[in-house]
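Visitor: Predicted model, plus sequence, below.
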Amino acid sequence: MEKFIVQHCAPLRGTVRISGAKNAALPILAACLLTREPCLIQNVPPLTDIFAMIALLEGFGAKASFDTSAQTVSVRAETLSAPSASYDAAGKMRASFLAAGPLLARLQSASLPLPGGCQIGSRPIDLHLKGFSLMGVSSRQEHGIVDLWCKSLRGKPIYLDFPSVGATENIMMAAVLAKGTTIIENAAAEPEIMDLADFLRKMGADIQGDGTDTITIRGVKELTGATHTVIPDRIEAGTFMAAAAITGGEICLEGMGEDLLKPVIAKLAECNVKTETSPEGLVVCRKGRLRPANLKTMPFPGFPTDMQAPFMSLLTLAKGTSVITETIFENRFIHAGELQRMGARIKIESRSAVIEGVEELTGASVRATDLRAGAALILSALAAKGETEISDIYHIERGYHQIDEKLRRLGADIRRAQSS
Ligand SMILES: CC(=O)N[C@H]1[C@@H](OP(=O)(O)OP(=O)(O)OC[C@H]2O[C@@H](n3ccc(=O)[nH]c3=O)[C@H](O)[C@@H]2O)O[C@H](CO)[C@@H](O)[C@@H]1O
Ligand SMILES: C=C(OP(=O)(O)O)C(=O)O
C-alpha cells in the first residue's frame, strides 16, 4: 500500500485545473443503463470509484470503455444480461446502489449488496427503498443483499423525510421511465442532482424543478443515447481553496466560477481568505492570520459536509476558537483524532467539534480514515513543521485525481512511498 510523505511548504502559488465531479459522474454513469443507445460522458475523473462503477456496468452486461487521457467514458447498455452484482463489485462503494433505479426501470428487478462508501455514519438506504416501494417495488434484504422487483414502475408523490442526495437520484432515475408522474418533495437540491437531471433531459426525460426541493418527473416510454460533460468538482475545488488558505498562498482555479462554491467562499471570507473571479478563473488568497469561524454542515445550499474535514484543518490554525457542527453524518469527526497527533486542539462534544486554534502544527505519522479526512490531513501536513506521513491514501484516491501531482505543480513537497 502507498502513503504520502509531505514536508512543510512555502505558500502555494499557481493555477490548478479542477477535475469533473465524482459525485456527478457516478450517478450519470449509472443513468447510462436507462437506454439501449450509446452514451458519451465527458470530463470524467479517472478515480478508483469511477473504475468501480464502470466495472459494475460491465457486470450488468453493458459495454463500456474509459479513455483516461481524454477523460471520456462511452457506455452502451444495448442488452443487459444480469441485474445483480457481488459484494466485491459493489459493496465498497456508496454509489453502487444508484444502479437500482435504472435497473428497475429497464428490467423491473435489481439485486445489489448493501452499499459501502466512507465510514462516516450508518448510511442506511431506507429512503431509497421507501420511494421505490411507493412506486410499486417489493424488496427483501438477506445476507447483505437487497433484492428489488416490480411488475411495472408507477409514478407517485414521494415525500423524503430528509433531502437525501442518493435517494433523490435513485428515485429520479426510476421515475423517468415509470408510468405517470412522480413528484419528489423535500428533494435534495445539490448541483450534482441538477447535472444528472440535465443528462436525463438530453436522453429525452421530462424533469422539472431539479435544484429546488420539489422535482416533478413525467415518465416517458423510452430514452435515447446522449452526450454530456460533467460539472467541475466543487469539493476538489474547495479543497484547493483551503490549500491556498492554509499555506497563505494564492491559487487560481482555472475556469471555475463562484456558483457552485458560495457557502465555501462565504466561510473562507470569515476566515480572512479572499476569493475573486478573474477571466482565468477563481483566485483565492490569504495575506493575514486565519480567523476563527463557526460552521454547520447542511444540505445544499448550506455548507457541504464533504468540506467539513478540510475546514477543520484550516480552523486548527486560526487565531481563536471555532465550533463546527456536523448535522449530516453522525460519525464524521474521525479526522479530529489524527489532527490531534499533529498538535491540533480539538474537543468533540456530540455533534460539535470545538477547535482552539494553535500557532503551529507539527508533522506526525497519521492515517487517512476516509476520503475527505485524508484530504484534511494533506492540508494540515502542508502547513505543519517538519514531515508528515499519511497512510491508507487509497481513501484519498477515491475522490482526488493526482492530488499529489497537482499540489507539486503549486510548489508543495509531497511524494508517494510504499508503506512498510
Ligand atoms: C456518491 C455521493 O454522491 N456521495 C455524496 C452523497 O452521499 P449520500 O447520497 O450517501 O448522502 P445522503 O444525502 O443520502 O445522506 C445524508 C444523510 O441521510 C441519511 N440517509 C440517507 C439515505 C437513506 O436512505 N436514509 C438515510 O437516513 C444518511 O445516513 C445521512 O445521514 O451526499 C452526501 C451528502 O451531501 C455527500 O457527503 C456524499 O459525498
Ligand atoms: C462521502 C463521500 O463519498 P461516498 O458517498 O462515495 O462515500 C465523499 O465524496 O466525500
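Guide: Received the coordinates, thanks. Ligands and ions are numbered 1, 2, ... in the order given.

Visitor: Please make it C-alpha for all contacts and neighbour counts, starting now.
Guide: OK.

Visitor: Over to N170. Which of the three states is it?
Guide: Following DSSP: H, G, I helix; E, B strand; the rest coil, we place N170 in the helix state.

Visitor: Give the closest residue to it in space, chain neighbours not counted.
Guide: Of all residues not flanking N170 in the chain, G101 sits nearest, at 4.9 Å (CA to CA, 6 or more residues apart in numbering).

Visitor: which SS state does that neighbour fall under?
Guide: helix.

Visitor: That one reaches A178, doesn't it?
Guide: No. With contact defined as CA atoms under 8 Å, G101 does not count as touching A178 (10.5 Å).

Visitor: and the two? which has more neighbours close in?
Guide: G101 (29 against 25; other CA atoms under 10 Å).

Visitor: Just list the residues touching the residue nearest to N170, thanks.
Guide: By CA atoms under 8 Å, 6 or more residues apart in numbering, the residues touching G101 are 170-174.

Visitor: Please tell me how far R372 sits from S278.
Guide: 28 Å (CA to CA, to the nearest Å).

Visitor: Distance of G374 relative to ligand 2?
Guide: Distance, G374 to ligand 2, using CA to the nearest ligand atom, to the nearest Å: 10 Å.

Visitor: So which elements touch whichever strand or helix holds that residue?
Guide: For G374, the host element (DSSP states H and E) is helix 371-383. Counting contacts by 3 or more CA pairs under 8 Å, 6 or more residues apart in numbering; DSSP states H and E, helix 371-383 packs against strand 2-7, helix 234-247, helix 308-315, helix 334-341, strand 387-391, helix 394-397.

Visitor: next helix or strand past the helix or strand hosting L104?
Guide: Applying DSSP H and E as the criterion places L104 in helix 100-107. Counting by DSSP H and E, the next helix or strand C-terminal to helix 100-107 is strand 109-113.

Visitor: So for the helix holding L104, what gets flagged as buried?
Guide: Under the neighbour-count criterion of 16 or more other CA atoms under 10 Å, helix 100-107 has 100-107 buried.

Visitor: With stretch 153-166 instead?
Guide: Buried, per 16+ other CA under 10 Å, within stretch 153-166: 153-156, 158-160, 163-166.

Visitor: re earlier: and R372 and S278? Which one has more around it.
Guide: Ranked by neighbour count (other CA under 10 Å), R372 and S278 place R372 first, with 27 against 14.

Visitor: re the thing from before, name the residues that touch the helix holding G374?
Guide: 6-9, 118, 239, 242-243, 246-247, 306-307, 309-314, 334-335, 338-339, 361-363, 366-368, 387-388, 390, 393, 395-399, 412-413.

Visitor: again, only using 6 Å
Guide: Identification of contacts with helix 371-383 by CA atoms under 6 Å, 6 or more residues apart in numbering yields 8-9, 243, 247, 309-310, 313, 335, 368, 388, 395-396.

Visitor: same thing with stretch 255-273?
Guide: Counting by CA under 6 Å, 6+ apart, 280-282, 285-286, 290-292, 303 sit against stretch 255-273.

Visitor: what's the weakest-modelled helix or strand in this structure?
Guide: helix 87-90 (a mean of 85; mean pLDDT, DSSP states H and E).

Visitor: So it, near ligand 1 or not?
Guide: No. Using CA under 6 Å from any ligand atom, helix 87-90 stays clear of ligand 1, with a minimum separation of 12.7 Å.
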